[in-house]
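Student: need coordinates for the below:
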Amino acid sequence: MKQTLLGLVDDATQAGWSTTRICATLQIDRGRLYRWQQRRDGNNLDDRSPGGNPIHGLLDWEQDAIVALFNEWGPVDLSHRKLAHRGSYTSVVFVSPSIVDRVLARNGLTLKGAPRPGRSEKTPWPEWCEWRPNQLWCWDMSQFEKCVGGKYVYGIVDLVSRKWIATTVNPEATSTQVKIIFTNALDAEGLLTGQIRERLANLDETIPELDDDQIPLVLAVSDNGTEMKSRETRKFMAACSIAQHFGRRSTPTDQAWIETLWGHVKAENPHLMNITEPAVLAAELERIRIHYNTVRLHEAIGYVTPNDEHEGRADAIRAARQAGLTKADQARRAWHRAHQSQP
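Tutor: Predicted coordinates for the structure are as follows:
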């Protein structure tokens with residue numbers, strides 16, 4: 001095809017046509033025509049390999065080194081990214097991960113790769129649970145690093161009302177601190193009955209068991225921390241008639257309620273992260289807890305306070321707002337109709 005087109009160009013040139021007219025008629029780029037003519041003079045009109053010959057192209061010995069690296073370190077590194085860094089780590093070959101990936105694919109080599117974890121299933125709530133305040137509590141610990149003497153802070157939040165029920169500032173994170181915060185929470189909510197106090201006073205080494213027809217007082221939702229699953233914690237929870245529910249490992253969204261609480265508390269009160277005295281931190285957290293429960297409107301429960309939801313006032317407040325919006329809309333319409341200018 002190139003020879004034929006160049007022959008037409010020669011004939012047209014001999015007939016007196018200009019190069020511009022020839023290229024326009026044959027629809028050939030002038031630069032391409034000149035290149036073809038030069039290559040014809042050198043007897044080199046055959047098509048070349050696509051992609052050219054980049055000056056930064058991989059050398060043959062580097063490809064061999066990558067294959068050798070795969071044979072030696074593939075079972076250890078498992079990914080082309082690690083294998084590329086292994087090459088530089090051992091000073092064998094210096095290439096990017098993408099080059100390693102392409103060379104292995106070109107040679108039909110496949111890395112084993114790290115095993116993917118199986119799909120986890122979230123454990124459902126027990127059948128006895130009701131969606132009401134003081135039935136589902138979520139709890140966890142958050143750290144305040146600068147307060148060395150009390151950097152472990154436990155908190156409990158009600159899933160339904162989002163009420164921040166209790167907080168304790170502690171120098172360590174053990175089952176002892178778990179007992180303290182749940183005792184305080186049960187007492188604050190009026191759930192620490194005389195029967196529970198008696199069971200706690202007479203605890204022995206055995207873990208109490210609930211009767212088949214006995215419904216637990218509260219379901220405590222948490223992650224899989226050591227103090228959450230310890231024998232002492234399980235014994236205390238059973239004595240308090242509290243059932244435990246654990247989220248999936250490495251899945252913080254399973255206890256999103258307490259994670260959200262700590263996130264808001266730290267983001268809205270950054271000065272907490274600079275407090276160094278445990279007593280000061282405890283006092284500030286208690287002040288913020290009261291504000292959180294009684295003043296701050298919570299988006300997740302329809303812009304009422306957690307105390308409103310917890311104590312049963314939230315439905316009336318939300319209904320009053322909706323009625324007020326409707327009444328205000330009607331009043332605006334009536335005013336505009338009455339004051340509409342006449343044509």
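Student: show me what contacts residue 27?
Tutor: Taking CB atoms under 8 Å, 6 or more residues apart in numbering, we find residue 27 in contact with no residue. Heads up, the C-betas are built off the backbone N, CA and C, glycines and all.
Student: cool, and the one 10 residues further on?
Tutor: Residue 37 makes contact with 6, 9 under the criterion CB under 8 Å, 6+ apart.
Student: tell me the secondary structure for it?
Tutor: Using DSSP: H, G, I helix; E, B strand; the rest coil, the structure places residue 37 in helix.
Student: quick one: it from residue 44, how far?
Tutor: Going from residue 37 to residue 44 by CB to CB, to the nearest Å gives 11 Å.
Student: likewise residue 171?
Tutor: Going from residue 171 to residue 44 by CB to CB gives 83 Å.
Student: same check on residue 225?
Tutor: 74 Å.
Student: what segments of the stretch 51-200 of the chain are strands?
Tutor: 136-143, 152-158, 164-170 (DSSP state E, counting those that start in this stretch).
Student: dump the ones you listed into JSON lines; add mean pLDDT, distance to residue 109 and mean neighbour count as well.
Tutor: Below are the strands of the stretch 51-200 of the chain laid out as JSON lines (pLDDT from 0 to 100; distance: least, CB to CB, whole Å; neighbours: other CB atoms under 10 Å):
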{"stretch": "strand 136-143", "mean pLDDT": "96", "distance to residue 109": "46", "mean neighbour count": "21"}
{"stretch": "strand 152-158", "mean pLDDT": "97", "distance to residue 109": "50", "mean neighbour count": "23"}
{"stretch": "strand 164-170", "mean pLDDT": "96", "distance to residue 109": "54", "mean neighbour count": "23"}
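Student: low-confidence stretches in the protein?
Tutor: Scanning the chain for pLDDT under 70 picks out 49-52, 210-212, 341-343.
Student: what's the domain layout of it?
Tutor: The chain breaks down into these domains under automatic domain parsing: 2-41, 60-106, 136-310.
Student: between the two ends of the first one, how far is it?
Tutor: Length of domain 2-41, first residue to last, CA to CA, to the nearest Å: 13 Å.
Student: and what of stretch 90-103?
Tutor: Start and end residues of stretch 90-103 are separated by 19 Å (CA to CA).
Student: please report how far residue 45 lies from residue 179.
Tutor: 90 Å.
Student: please apply the same query to residue 340.
Tutor: Counting by CB to CB, the separation of residue 340 from residue 179 is 70 Å.
Student: these two: which has the busier surroundings?
Tutor: Between residue 340 and residue 179, counted using other CB atoms under 10 Å, the more crowded position is residue 179 (18 against 8).
Student: neighbouring contacts of stretch 306-322?
Tutor: Stretch 306-322 has contacts (CB under 8 Å, 6+ apart) with 133-134, 158, 160-164, 292-294, 298, 301-302, 304.
Student: ok, 6 Å please
Tutor: With contacts defined as CB atoms under 6 Å, 6 or more residues apart in numbering, stretch 306-322 is touched by 133, 161-163, 293-294, 298, 301-302, 304.
Student: coming back round to it: out of the strands of the stretch 51-200 of the chain, which gets nearest to residue 287?
Tutor: Residue 287 lies closest to strand 164-170 among those, at 10.9 Å (CB to CB).
Student: who are the packing partners of the closest one?
Tutor: In this structure, strand 164-170 packs against strand 152-158, helix 175-188, helix 278-294, with contacts taken as 3 or more CB pairs under 6 Å, 6 or more residues apart in numbering; DSSP states H and E.
Student: dump these into JSON lines; add distance to residue 56 as well.
Tutor: Below are the helices and strands packed on strand 164-170 laid out as JSON lines (distance: least, CB to CB, whole Å):
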{"stretch": "strand 152-158", "distance to residue 56": "54"}
{"stretch": "helix 175-188", "distance to residue 56": "60"}
{"stretch": "helix 278-294", "distance to residue 56": "58"}
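Student: one step back: so residue 225 and residue 44 - more neighbours on which side?
Tutor: Neighbour count, other CB under 10 Å: between residue 225 and residue 44, residue 225 has more, with 14 against 9.
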